[in-house]
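In: Let me see the structure of the following:
(chains A and B)
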Amino acid sequence: MIVFILAILLFLVGLYGVLIKRNLIKIVIALMIMEYAVNLFFALVGYRHGGTAPIVSKGLTGKILFVDPLPQALVLTAIVIGLGTTALLVSFAVRIHEKYDTFDVRKIRKLRG
Amino acid sequence: MILLPLFVIVPLGMAFLTPIFSRIWKGFPDLFGNFTTAFLMGFSLWVLQFSGKTIVYNVGGWKPVAGIPIGITMVMDGLTVLMLLIINVVGFLATLYSVNYMTHYTDKGKYYTLFLLLMAGLNGVVLSGDIFNFFVFLEITAIASYALVAFGVEAEELEASFKYQVLGGSASALILLGIAIFYHLTGTLNMADASGVLSGIGPDPAVIFVGILFLVGFSLKAAVMPFHAWLPDAHPSAPAPISAMLSGVVIKVLGVYALVRIFFNVFGSALMPGLLVTFLVLGTLSMVAGAFLALGQKDFKRLLAYSSISQIGYVLFAFGLGTPLGFLAGLFHLLNHAAFKSLLFLNSGAVVYATDNRDMERMGGLSQRMPVTGATSLIASLSISGIPPLGGFWSKLLIVLAAVECKHYILAGVAVLTSIVTLAYYLKVQKLAFFGTLKQVYKGIKEVPVLMCASMVILAVITLGLGVLLIPDIRSVVLDPATKVIAGGVEYAKMVLGG
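Out: Residues are numbered from 1 along each chain as shown, chains lettered A, B, ... in the order given. Reported below is the predicted structural model:
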């Protein structure tokens, strides 16, 4: 149970960063922390205490406890998606720095209303 | 049905081919982009004949074992057919418009690549039968739209897109966290299968927590009022055809469709009375606040963006009533809004194309020089403000009737008053931009090229004609099956697993 709570805590750390930080790069890092906390949580959901890797091989007989492989497959997909979004975010942060000459969100305010 | 994956494969494949071939031949993106979306539109019209049935496609041929689905499934029922129709018709008209409009921008190959990815993602979202694929397609759509919003790479566009990405990324993280707990609770990712398990669990605190995570996540994607901050920046910053797609289709598919599918068809009665109240509150809030914020805008596209928030509020409000009439009204308003809001964004694009200006106070008398844009925007404005006999009038009438039927008299009154505010700000658009005297600077402007006009005229005809959907014979093909799917609630599980 404690690991789930720690994963959620990590998620909240990320959320705090997204809400409070003013530097674009720090916001990107906070978003990544959020994503990875969710991935960690998801992988933990599939974990079985004392389970082995879910690969069928010759030596295995009788009742064997496997960890749930599905969340692992899903987390792999989620990590790839996370890579795509992070790459896009970082490249945008760089382009914004070119245009505004700052990473400070308080100074990046051309849009109003 | 074996052809079902084509909705995703064709745009995905073309998105892959476009950047390669656009280097060889400059005309390739325009021609094949339009060809692809035209094919998808035809296909979505063709599948209308199956609207009454539930069709399940097992990807890779992984058939269910003992009634438990083990592979990835694609499900097409009445609601999906309706959403496919909206996505692909608006998608085709947006690409038709892009042929001339996007000459403003540098790289058409990249534009069509992203556009087709967006189409693939949207079609995938509505076809997914399991919640994780749903998430994957949702992310494809989201990433394509982040990039498209910033397609002009000007300072404002980058800023808007960054804001959109941060909020969209947070929403995705919340949704994924929801999916993780959802999987932990039910032990399955298939929505139909999970629905059966969830009805056995009942209103457990964990189920409610998942419900809240999904509600916040998808409300962020739908830009419902407390979660709307990104929309008035992101939608106006995008190129006009993309604004039309975002406001007309994306917020509906990622937001409203997702909310409806997951809460009504999967969660069913587990969250019911509280959920409906939440929908009503969020809907009323965005309906009223969106309309008043729109009233104060001077920027043409920003006004339309606030108007989208208001209209999405109407749709959510109608679903929150929880009666079959409410569902019908919500779906019909969704359809109407897709037509007239896309048209209005295309009109705003035409104005920008001709005058290079979005500030309405510096416009005036544009109808004299741009009769097609003027006339089509008038039709759209009248429809969205609820003037009979246009489609918008009927859907708003149905929403008000459904509210009265549920004895929500005050909320019905609020809906009517908001409609009057809507009329006020669209009259402002017409008065400032299209009527009045023509400014000296704009004496020389011309009507936009023929393909842009064609796309606007087709949408205007659709806007004019949508009222016919209420004729019983036509209604039984388009709206009734979709209403039945939502009203059926967890019957969805039986339909999918049984078929």
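In: gap between residue B:201 and residue B:185?
Out: Between residue B:201 and residue B:185 the computed distance is 7 Å (Cβ to Cβ, to the nearest Å). Yep, even glycine has a C-beta here, placed from its N, CA and C like the rest.
In: Neighbour count for the two, which is higher?
Out: residue B:185 (18 against 12; other Cβ atoms under 10 Å in any protein chain shown).
In: what's the closest non-adjacent residue to the more buried one?
Out: Spatially, and ignoring its direct neighbours in sequence, residue B:185 is nearest to residue B:206 (5.7 Å; Cβ to Cβ, 6 or more residues apart in numbering or on different chains).
In: Just the local confidence number for residue A:113, please.
Out: Looking at residue A:113, its pLDDT reads 50.
In: re the thing from before, can you give me the mean pLDDT across whatever helix or strand the residue nearest to residue B:185 lives in?
Out: In the assignment (DSSP states H and E), residue B:206 maps to helix B:205-222. Helix B:205-222 shows a mean pLDDT of 92.
In: how about that helix as CSV, C-alpha atoms only?
Out: The C-alpha coordinates for helix B:205-222 follow below in CSV (Å, rounded to 0.1, in the frame of the first residue of the first chain):
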residue,chain,number,x,y,z
PRO,B,205,-15.2,5.2,-3.1
ALA,B,206,-12.6,3.9,-5.5
VAL,B,207,-15.1,4.0,-8.4
ILE,B,208,-16.1,7.5,-7.4
PHE,B,209,-12.4,8.5,-7.4
VAL,B,210,-11.9,7.1,-10.9
GLY,B,211,-15.0,9.0,-11.9
ILE,B,212,-13.6,12.2,-10.6
LEU,B,213,-10.3,11.7,-12.4
PHE,B,214,-12.0,11.0,-15.7
LEU,B,215,-14.4,13.9,-15.2
VAL,B,216,-11.6,16.4,-14.6
GLY,B,217,-9.5,15.0,-17.4
PHE,B,218,-12.1,15.0,-20.1
SER,B,219,-13.6,18.3,-18.9
LEU,B,220,-10.2,19.8,-19.5
LYS,B,221,-10.2,18.4,-23.0
ALA,B,222,-13.8,19.6,-23.5
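In: how about low-confidence regions in chain A?
Out: For chain A, applying pLDDT under 70 flags the ranges A:112-113.
In: can we see that at 90?
Out: A:1-4, A:45-73, A:99-113 (pLDDT under 90).
In: And the strands in it?
Out: Taking DSSP state E as the criterion, chain A carries no strands.
In: ok, now the stretch 251-400 of chain B?
Out: Counting by DSSP state E, counting those that start in this stretch, the stretch 251-400 of chain B has no strands to list.
In: And the residue of it closest to chain A?
Out: residue B:302 (5.8 Å; Cβ to the nearest Cβ).
In: So residue B:290 sits against residue B:310, correct?
Out: Yes - the pair residue B:290 / residue B:310 is scored as a contact, 3.1 Å apart, by Cβ atoms under 8 Å.
In: Those two: which is more packed in?
Out: Using other Cβ under 10 Å, the more surrounded residue of residue B:290 and residue B:310 is residue B:290, with 29 against 25.
In: roughly how far apart are the residue nearest to residue B:17 when sequence neighbours are not counted and residue B:121?
Out: Distances taken as Cβ to Cβ, 6+ apart put residue B:32 closest to residue B:17, at 7.5 Å, once the chain neighbours are dropped. Residue B:32 is 19 Å from residue B:121, where distance means Cβ to Cβ.
In: Up against chain A, what does the stretch 251-400 of chain B have?
Out: Residues of the stretch 251-400 of chain B lying near chain A by Cβ under 8 Å from any Cβ of the partner chain: B:296-297, B:299, B:302.
In: Need the buried ones from the residues you listed selected in ChimeraX.
Out: This is the ChimeraX syntax for the buried subset of these, where burial follows 16 or more other Cβ atoms under 10 Å in any protein chain shown:
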select /B:297,299,302
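In: Okay, the residue nearest to residue B:17 and residue B:118: tell me how far apart.
Out: Applying Cβ to Cβ to residue B:32 and residue B:118 gives a distance of 16 Å.
In: Which residues outside the helix holding residue B:206 are in contact with it?
Out: By Cβ atoms under 8 Å, 6 or more residues apart in numbering or on different chains, the residues outside helix B:205-222 that reach it are B:138, B:142, B:167-168, B:170-172, B:174-175, B:177-178, B:181-182, B:185, B:198, B:201, B:226-227, B:251-252, B:254-256, B:258-259, B:262-263, B:267, B:270-271, B:275, B:278, B:282, B:312, B:316.
In: Kindly recompute the last result at 6 Å.
Out: B:167, B:171, B:174-175, B:177-178, B:181-182, B:185, B:201, B:227, B:251, B:254-256, B:258-259, B:262, B:270-271, B:312 (Cβ atoms under 6 Å, 6 or more residues apart in numbering or on different chains).
In: swap in stretch B:273-292?
Out: B:224-225, B:263, B:306, B:309-310, B:313-314, B:316-317, B:319-320, B:322, B:418, B:421-422.
In: Tell me, how many residues neighbour residue B:341?
Out: So residue B:341, with other Cβ under 10 Å, has 31 neighbours.
In: check contacts around it.
Out: So residue B:341 contacts B:247-248, B:308 (Cβ under 6 Å, 6+ apart).
In: For chain A, what is the nearest residue in the stretch 1-150 of chain B?
Out: For the stretch 1-150 of chain B, Cβ to the nearest Cβ, closest residue to chain A: residue B:139, 4.7 Å.
In: now the helices: where do they sit in chain A?
Out: Along chain A, the stretches classed as helices by DSSP state H are A:2-20, A:24-45, A:69-100.
In: can you give me the angle the shortest one makes with helix A:24-45?
Out: Angle, helix A:2-20 to helix A:24-45, by axes from the mean of the first three to the mean of the last three Cα atoms, to 10 degrees: 160 degrees.
In: try the last one
Out: Between the direction of helix A:69-100 and that of helix A:24-45, the angle (the same axes, to 10 degrees) works out to 180 degrees.
In: by contact count, what packs against helix A:69-100?
Out: helix A:24-45, helix B:131-149, helix B:155-186 (3 or more Cβ pairs under 6 Å, 6 or more residues apart in numbering or on different chains; DSSP states H and E).
In: for these, which one sits closest to residue B:479?
Out: Among the helices and strands packed on helix A:69-100, helix B:131-149 comes nearest to residue B:479, with 23.5 Å by Cβ to Cβ.
In: counting contacts, what elements does that closest one pack onto?
Out: Going by 3+ Cβ pairs under 6 Å, 6+ apart, helix B:131-149 lies up against helix A:69-100, helix B:108-127, helix B:155-186.
In: Please identify the deepest-packed of the ones you listed.
Out: The highest average neighbour count among those, using mean count of other Cβ atoms under 10 Å in any protein chain shown, belongs to helix B:108-127 at a mean of 26.
In: List of residues touching it?
Out: Contacts of helix B:108-127 (Cβ under 6 Å, 6+ apart): B:7-8, B:11-12, B:14-15, B:18-19, B:22, B:29, B:33, B:74, B:80, B:83, B:87, B:91, B:102, B:137-138, B:140-141, B:144, B:147-148, B:253.
In: now stretch B:33-47
Out: B:11, B:14, B:81, B:84-85, B:88-89, B:91-92, B:95, B:112.
In: So residue B:460 sits against residue B:381, correct?
Out: No - taking contacts as Cβ atoms under 6 Å, residue B:460 lies outside contact range of residue B:381: 11.1 Å.
In: State the number of residues packed around residue B:389.
Out: Residue B:389 has 9 neighbours, counted by other Cβ under 10 Å.
In: Do you know the pLDDT at the closest residue in space to it that isn't next to it in sequence?
Out: Excluding its sequence neighbours, the residue lying closest to residue B:389 (Cβ to Cβ, 6+ apart) is residue B:467, at 5.7 Å. At residue B:467, the pLDDT value in this model is 83.
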